[in-house]
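**Q** I need the structure of the sequence given here:
(one chain, ligands or ions: 1)
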Amino acid sequence: MSAVFDEEAMTEGIQTPRRAVAPHGSAAGSSDVILRWDELNYDVKSKVGKTEEWRPILHGITGEARAGETIAIIGSSGAGKTTLLNALSGRIVGGRLSGQILFRGAKRHPGSFKRVTAYVQQDDLMHPLLTVQETLSYASKLRLPNNQYSAEQKAERVNTVIRQLRLEAARNTKIGDAATRGVSGGERKRVSIGTELLTDPRLLFLDEPTSGLDSNSSELVVELVKKVSVEQGLAALMTIHQPSARIFNIFDKVILLSQGRVVYFGPTSTAIEYFANIGYQCPVHENPADYFIDLMTLDYRSDDALARSKTQVKELADQFAVHVSRQPAATPSEKPSSASDNVSKGMEVSGDLDLPRNNWFHEYSTLARRDWTNALRNAPFLMGQVIQAIFMALLIGFMFFTLKNTSIGVQNRLGVLFIIAVNATFPVVMPFLTMYYKERDIMIRERSSATYRVSSFFVSKVTTFGPIALASNTLFFIGIYFISHLEFVAGKFFVGLATFYCLSLVSIGFMLMVGSGVKSIEVGFVVAPAILTIQLLFGGLFANPHSITPVLRWIRWVNPVQYGFASLTQNEFKGLEFVCSQGTQCYQTGAEVINAYGVGRFTTWQNILFLIMLAVVDMFVGYSLLRWKAKPKSIWL
Ligand SMILES: Nc1ncnc2c1ncn2[C@@H]1O[C@H](COP(=O)(O)OP(=O)(O)OP(=O)(O)O)[C@@H](O)[C@H]1O
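**A** Modelled structure (predicted):
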C-alpha cells in the first residue's frame, strides 16, 4: 500500500512531470516510481545497565519517490532523518535493518545502485586548490565511462552542470578552505551537488544541504535541486533542518518524522489541511515547517511535559497510519509487479542504467594528473620541503664541516651518516601524513559513489609523494655530502644516494601504512613519531646491534634505519684509513669501524635490498588497510 497522497504536485508554477524524460534513453518502467520502501525498521544495539538491547530507530516506514519529485525529510534532532536517508541510499552501517527497498521496481544491486544514484554529503570534502571547473572536469573524467562519453561530451556535461547550478561566475575560482579563500559556502555546496549530477543520476540524496548557509543561499540550493529534478526526471530526497516557509513550499512532498515514525508523508500543499483535519490548525502567519516540528518535538522541560509530548507524537503517528490505511490501494500501474516477481524469486535486477567503470590506467592517469596539479599548487608545502632540505643540509653540513681522517673524524662521520638516515624518516613521514590523510577522506567520499578503484588512488599517491620526497631529499643529500666532505668518490656518492632514496621510499610506505590504518589524524600523530623514535633508537648508533637483549633483537629485522645506517656506514668507511694522535688508541681502518659498530652483517647491496623489500611490504600493508577502510560496510536490503 502506498503511503503517499495521490495528488499532482504543484509548486511555484512548476508542474512535476508524471513521466519524466529518461536521460539514459529508457523510461522508468510502467510507473515513474524510482524508489519504493516498505515497512522499513532499523534498530541499533544500546547498553542498558550491563545488558545490551535493541533500540528501535525507524519504525515501519513506507513510501516512494517518483521521477521529478523533490522530497524533504523533516524532523527535530534525533528524529531519524539521516538514518532514513542512509537506509534508502545504501549507506547504513551497523545495526539491524529490515523491510524492502526497490529501485525502479527491483532489488538494489550495491555496485550499480551507487553508480546511478548520487549522495551529497553534509561536509563538502573537495580539493581546495582546484577550481570549480577543474573539480567538475576531473569528476567527469573519473565517473563518466569512456565508452559512452567522448572527451567533448564530458566537457559539455560539465558545462551543462555549471549552467544548471548557476556556477558560471565561479567557474575559475578555487574551491578553497580555511587557509585559502575560495568559493562561497553556497557555491561550494552547489559544486558538491554538481559533481554528483554529472552522471545523470536517477536518485539524488542530500544530507542537510542547507546547513551552514544563509537563507538566500539555502533557497537557491533547494530551488536548483528542484529545477534539476524536474529537468532530468530524477527524484531528490533531502534531510533538512527547520526550513523557512519559502523553502518548505518548494518541496513537492515532505516526510515528517518523529521518534523514527512517520507523522506525515505526502504533498507539501496538503500538509496544512491534513493537520487541520486531525485537530492541529497551523496559525496563518506561522511557518508551517516550524509548526509541524514543534508538534513533533519531545518536550524535555519537565517529566509531565515529556510524557504529554510523547503521547502526542504517538497519536500523530497512529493517526497518520490510520489515514494511510484509508487511502485507496495503489493502482496496478504503480505497483512494481514484474520486478516484485523477480524479487520474490530472489533475483537482483541491477538495472539497465548501470554505468560501466573506466579501465585502471585511465583512472590512474586522471588521478595522477589531479594529484600533481594539487601538489604543484601547494606552494607552502613545496617551499617548506625545499627550505627544510636546504636549511638542514647547511646546518648539518657546517656542523661536520670537512671531515678529517682522524679518530674525531670517525665519530663525526658516523654522526653525519646517522643524521642522513634520520632525515629520511621524520621529515618525510610527518608532512606527507597530513596531506595524505585529508586526501584519504576525499577518496572515501568519492569511492562511496564507486567512482574509481582503491588501487588507482593508492598508486597515484605513491607516484606523486615519492618523487616530491626524493627531489627535496636529493637537495639535502648533495648539500650535506659535499659540505661535510664525505668521501669524494663517484661510486660512493651514488650508492649513498641510492640508500637514502630507498630509506625515503620506506618512509613513504610507512606514512601510507599509518595514514591508511588510523582512525583519526591525531592518532597518526602519536603512532608515527613513536614508531620512528623506536627505529632511531635501534638504528645502530646508540646501541650496538649485537649487544641488544634477545627479547628486542628481532626489531632489527624490521627496522629500516638500521639497514640504511649499515649501508651508508659500510659504503663510506670501506677502504678508509685513519691517523691516530700520538700515544692514543683508535680505529686505524674503516673495516675496524664497521666491525666494531656491528654494521657489517650484510653487504651494502643486501641492506639496500632489505630496504626495497620493506618499502614494498609497507606499501602492500598500507594498500590493504586502505582497501579495508574504503570497503563499504553498509547493510543492503
Ligand atoms: N549506529 C547507531 N548507533 C547508535 N545510535 C544510533 C545509530 N544510528 C542512529 N542512532 C540514533 O538514532 C537517532 C536518530 O539519528 P539520526 O542521525 O538519524 O537523527 P537526525 O534526525 O538526522 O538528527 P540530526 O538532525 O540531529 O542530525 C539518534 O538518537 C541517534 O543517536
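
**Q** When you work out contacts or count neighbours from here on, use the C-alpha atoms and nothing else.
**A** Noted.

**Q** Not counting its neighbours along the chain, what's nearest the closest residue to the ligand within the stretch 201-350 of the chain?
**A** Of all residues in the stretch 201-350 of the chain, His241 sits closest to the ligand, at 6.5 Å by Cα to the nearest ligand atom. Nearest non-adjacent residue to His241, counting by Cα to Cα, 6 or more residues apart in numbering: Ile74, 6.5 Å away.

**Q** Quick one: residues contacting that neighbour.
**A** Residues near Ile74 by Cα atoms under 8 Å, 6 or more residues apart in numbering: 81, 239-242, 254-257, 293.

**Q** try Val254
**A** Listed by Cα under 8 Å, 6+ apart, the contact partners of Val254 are 71-74, 264-268.

**Q** Residue ranges of each domain in this structure, please.
**A** Per automatic domain parsing, the structural domains of the chain span 10-344, 402-453+486-630.

**Q** Can you flag the weakest of the ones you listed by average pLDDT?
**A** Here these differ in mean pLDDT, and the lowest is domain 10-344 at a mean of 85.

**Q** residues in contact with stretch 396-413?
**A** With Cα under 8 Å, 6+ apart, stretch 396-413 has contacts from 416, 479-486, 576-581, 586-587, 593.

**Q** scratch that, stretch 471-488
**A** Residues from elsewhere that reach stretch 471-488, judged by Cα under 8 Å, 6+ apart: 385-386, 389-390, 392-394, 396-403, 413, 416, 420, 424, 493, 497, 500-501, 572.

**Q** all strands of the stretch 51-200 of the chain, in order?
**A** Per DSSP state E, counting those that start in this stretch, the stretch 51-200 of the chain has strands spanning 51-66, 70-74, 96-103, 106-107, 117-120. These are given in chain order.

**Q** can you pull up the bridge partners for the residue nearest to His241?
**A** Ile74 has the following beta-bridge partners by DSSP bridges: Ile240, Leu256.

**Q** Distance of it relative to the ligand?
**A** Ile74 is 8 Å from the ligand, where distance means Cα to the nearest ligand atom, to the nearest Å.

**Q** just Phe465 next, same as before
**A** In terms of Cα to the nearest ligand atom, Phe465 sits 36 Å off from the ligand.

**Q** got a list of what that residue touches?
**A** Contacts of Phe465 (Cα under 8 Å, 6+ apart): 432, 508.

**Q** again, only using 6 Å
**A** Phe465 makes contact with no residue under the criterion Cα atoms under 6 Å, 6 or more residues apart in numbering.

**Q** part of a strand, is it?
**A** No. Counting by DSSP: H, G, I helix; E, B strand; the rest coil, Phe465 falls outside a strand, being helix.

**Q** so which of the domains of the chain comes closest to Val462?
**A** Of all those, the one in closest proximity to Val462, counting by Cα to Cα, is domain 402-453+486-630 (7.6 Å).

**Q** circling back: so which of the contacts of stretch 396-413 are in helices?
**A** Using DSSP state H, 416, 479-483, 593 are the members of the contacts of stretch 396-413 that sit in helices.

**Q** Could you find which two of the residues you listed are furthest from each other?
**A** Farthest pair in the ones in helices among the contacts of stretch 396-413, by Cα to Cα: Gly479 and Val593, 24.9 Å.

**Q** Name the SS class of the closest residue to the ligand within the stretch 401-550 of the chain, please.
**A** The minimum distance from the stretch 401-550 of the chain to the ligand, using Cα to the nearest ligand atom, falls at Lys519 (16.8 Å). Here Lys519 is recorded as coil under three-state DSSP.

**Q** how close does it sit to Arg440?
**A** Separation of Lys519 from Arg440 (Cα to Cα, to the nearest Å): 11 Å.

**Q** Looking at these two, which has the bigger crowd around it?
**A** Arg440 (20 against 12; other Cα atoms under 10 Å).

**Q** Helix or strand for the more buried one, just tell me which one.
**A** Using DSSP states H and E, Arg440 maps to helix 426-447.

**Q** What residues sit buried inside that helix?
**A** Neighbour counts using 16 or more other Cα atoms under 10 Å place 426-430, 432-434, 436-437, 439-440, 442-447 of helix 426-447 among the buried residues.

**Q** What residues does this protein have near the ligand?
**A** Proximity of the chain to the ligand (Cα under 6 Å from any ligand atom) is limited to residues 44, 57, 77-83, 94.

**Q** Now, the residues you listed that are in helices?
**A** Of the residues of the chain next to the ligand, the ones assigned to helices by DSSP H are 81-83.

**Q** For the stretch 201-350 of the chain, just list every one of the strands.
**A** Assigned by DSSP E, counting those that start in this stretch, the strands in the stretch 201-350 of the chain fall at 203-207, 235-240, 253-258, 261-267.

**Q** Distance to Gly176 for those strands - can I get that in JSON lines?
**A** Output for the strands of the stretch 201-350 of the chain, formatted as JSON lines (distance: least, Cα to Cα, whole Å):
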{"stretch": "strand 203-207", "distance to Gly176": "21"}
{"stretch": "strand 235-240", "distance to Gly176": "25"}
{"stretch": "strand 253-258", "distance to Gly176": "34"}
{"stretch": "strand 261-267", "distance to Gly176": "38"}
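
**Q** Let me know which of those strands is the nearest to Ala566.
**A** Here strand 203-207 is closest among the strands of the stretch 201-350 of the chain (Cα to Cα), at 54.7 Å.

**Q** If I take the closest one and strand 51-66, what angle do their directions form?
**A** 130 degrees (axes from the mean of the first three to the mean of the last three Cα atoms, to 10 degrees).

**Q** Who does strand 203-207 pair with, and is each partner parallel or antiparallel?
**A** Here strand 203-207 is paired, per DSSP bridges, with strand 117-120 (parallel), strand 235-240 (parallel).

**Q** Return the distance of it from the chain's centre.
**A** Remark: strand 203-207 is offset 17 Å from the chain centroid, using Cα atoms, centre = their mean, to the nearest Å.
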